[in-house]
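Visitor: Mind looking at a prediction? Sequence and model below.
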Amino acid sequence: MTVTVVAGNPKPASRTLSAAVALAEALRPDTEPAVLDLVEHGPQLLGWGDPAVAEAVRTVAGSELVIFASPTFKATYTGLLKLFLEQFDGGTGLSGVLAVPLMLGAGPAHALAPDLLLKPVLVELGATTALPGLYLSDRTYTEDGVLAAYAERWRPVAHALSAEVSRTK
């Protein structure tokens with residue numbers, strides 16, 4: 001089982017990255033996730049054909065479960081994540097991938113952002129997004145139990161779906 005975390009925060013080693021890794025480990029505790037902190041690619045995401053970005057795209061496309069994480073930025077996900085998602089072919093680029101949208105924010109005003117803003121893009125790229133998106137408070141996610149409760153509820157579904165979805169590759 002391949003699990004990948006994609007963090008679209010413009011700050012390296014961010015809370016977004018930390019939360020995404022924690023979610024990946026909670027959903028699939030038997031697997032160490034590959035980690036893509038997109039800020040490390042910086043300007044390489046602006047062009048086409050960069051070898052490091054192409055390898056990151058292959059890693060994501062070849063994964064069974066991917067956590068796509070972003071801070072809430074201007075009421076949606078970051079441009080950094082958008083630039084990375086632009087690297088995938090429409091309709092098929094994420095085919096065979098179970099994708100989970102994760103967003104962090106300062107308050108509950110944007111709690112629907114993962115499902116309303118990020119999930120449709122992932123679906124457009126061919127991902128399976130059967131699990132609900134997860135929104136976490138960037139100040140309390142390490143102690144409020146929301147991430148653990150989500151993982152407890154959705155772990156069996158993620159396990160079953162990721163195996164089934166990967167068979168379509």
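Guide: Yep, it's here. Since this is a predicted model, take the numbers as computed values, not measurements.
Visitor: Which other helices and strands does the worst-scoring helix or strand of the chain on mean pLDDT contact?
Guide: Within the chain, no helix or strand scores below helix 146-166, which has a mean of 91 by mean pLDDT, DSSP states H and E. Packing partners of helix 146-166 (3 or more CB pairs under 8 Å, 6 or more residues apart in numbering; DSSP states H and E): helix 15-27, strand 98-105, strand 134-137. Just so you know, the C-beta spots here come from the backbone N, C-alpha and C atoms, and that holds for glycine as well.
Visitor: okay, those in TSV with distance to residue 113 next?
Guide: Formatted as TSV, the helices and strands packed on helix 146-166 follow (distance: least, CB to CB, whole Å):
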stretch	distance to residue 113
helix 15-27	13
strand 98-105	5
strand 134-137	6
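Visitor: And the pLDDT at the spatially most central residue of the chain?
Guide: What sits nearest the mean C-alpha location of the chain, by CA atoms, centre = their mean, is residue 68, with 1.1 Å. Predicted confidence (pLDDT) for residue 68: 98.
Visitor: My guess is residue 154 contacts residue 27. True?
Guide: Yes - judged on CB atoms under 8 Å, residue 154 makes contact with residue 27 at a distance of 6.7 Å.
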